[in-house]
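> I'll drop the sequence and a predicted model, then ask my questions.
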Amino acid sequence: NAGVTQTPKFRILKIGQSMTLQCTQDMNHNYMYWYRQDPGMGLKLIYYSVGAGITDKGEVPNGYNVSRSTTEDFPLRLELAAPSQTSVYFCASSLRDRNTEAFFGQGTRLTVV
Amino acid sequence: GESVGLHLPTLSVQEGDNSIINCAYSNSASDYFIWYKQESGKGPQFIIDIRSNMDKRQGQRVTVLLNKTVKHLSLQIAATQPGDSAVYFCAEKVGGGGNKLTFGTGTQLKVEL
């Protein structure tokens, strides 16, 4: 099993550009999450999903959108990139019944210039 | 607002010694407390969790202690090894939908040979 796979690993965006961060998991997990991690800080929840077709906002959702059309995929969309969105983005998934153990991807390092 | 914080940003220990990483929390409604390990360039990895109605839980070379009176959580690593060098995050989960985790800022553990 590959676990949680994120693409791309690195990306540089210009202010105002848009992009989609891809996330897929092959563990048949119900729950999926997007976090951002700023330098020297913990992770902050952007959006989460408890199943296909269901998404909800986390702590810092502004400037982002998500969709969950399948159990496996949970892409994160940035519509108008801003320097404040420079961060490392982590996708994670977990089982509903094993809810403290989230499995994280390797991260996407995004720089907005 | 609610927060999860750490006492020390960096902890240096000698190989073979025991390590103790501390964490303070403020949300009394949390039903689980969790420790994650993040190695450089990787996503966080689950270590161990403890339910709020427990005081102590042991894993392989790790022990988590929970003191609800002073809202304090600690992670003890026995016989610390070079491979334990990483940033350690405490996190808390409040009951309810989504299994959302709130992460602290992290402690850097450095193991000296």
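Here it is on my side, so go on. Numbers count the residues shown, from 1 in each chain, chains lettered A, B, ... in the order given.
> Spell out which residues of chain A are next to chain B.
A:4, A:31, A:33, A:35, A:40-45, A:48, A:50, A:56, A:58-59, A:90, A:92, A:94, A:96, A:99-107 (C-beta under 8 Å from any C-beta of the partner chain). C-betas here are computed from N, CA, C, even on glycine.
> Quick check: strands, which of those residues are part of them?
A:4, A:31, A:33, A:35, A:43-45, A:48, A:50, A:56, A:90, A:92, A:94, A:99-104 (DSSP state E).
> Now, of these, which are buried?
Among those, those that count as buried by neighbour count (16 or more other C-beta atoms under 10 Å in any protein chain shown) are A:4, A:31, A:33, A:35, A:43-45, A:48, A:50, A:90, A:92, A:94, A:99-104.
> For the closest residue to chain A within chain B, grab the count of nearby residues.
Nearest residue of chain B to chain A: B:Gly43, at 3.0 Å (C-beta to the nearest C-beta). By the criterion of other C-beta atoms under 10 Å in any protein chain shown, B:Gly43 has 23 neighbours.
> Can you classify B:Asn27 by secondary structure?
Of the three states, B:Asn27 takes coil under DSSP: H, G, I helix; E, B strand; the rest coil.
> Help me confirm that it comes into contact with B:Cys90.
No - between B:Asn27 and B:Cys90 no contact is recorded; they are 12.0 Å apart, counting by C-beta atoms under 8 Å.
> Pick out whichever of those two has more residues nearby.
Shown here are B:Asn27 and B:Cys90; by other C-beta under 10 Å, B:Cys90 has more neighbours (27 against 15).
> so what's the residue in chain A that chain B sits nearest to up against?
Closest contact between chain A and chain B, by C-beta to the nearest C-beta, is at A:Phe104 (3.0 Å). Taking C-beta atoms under 8 Å, 6 or more residues apart in numbering or on different chains as the contact definition, A:Phe104 lies against A:4, A:90-92, B:43-45.
> and with 6 Å instead?
If a contact means C-beta atoms under 6 Å, 6 or more residues apart in numbering or on different chains, then A:Phe104 has A:90, A:92, B:43-44 as its contacts.
> Then B:Asn18?
Shown in contact with B:Asn18 (C-beta under 6 Å, 6+ apart): B:Ala78.
> where does it fall, phi/psi-wise?
Dihedral pair for B:Asn18: phi -90, psi 140, per degrees, to the nearest 10.
> Residue 89: neighbour count?
If you meant another chain, say so; for now it's chain A. A:Tyr89, neighbours per other C-beta under 10 Å, totals 23.
> look at chain B instead
So B:Phe89, with other C-beta under 10 Å, has 26 neighbours.
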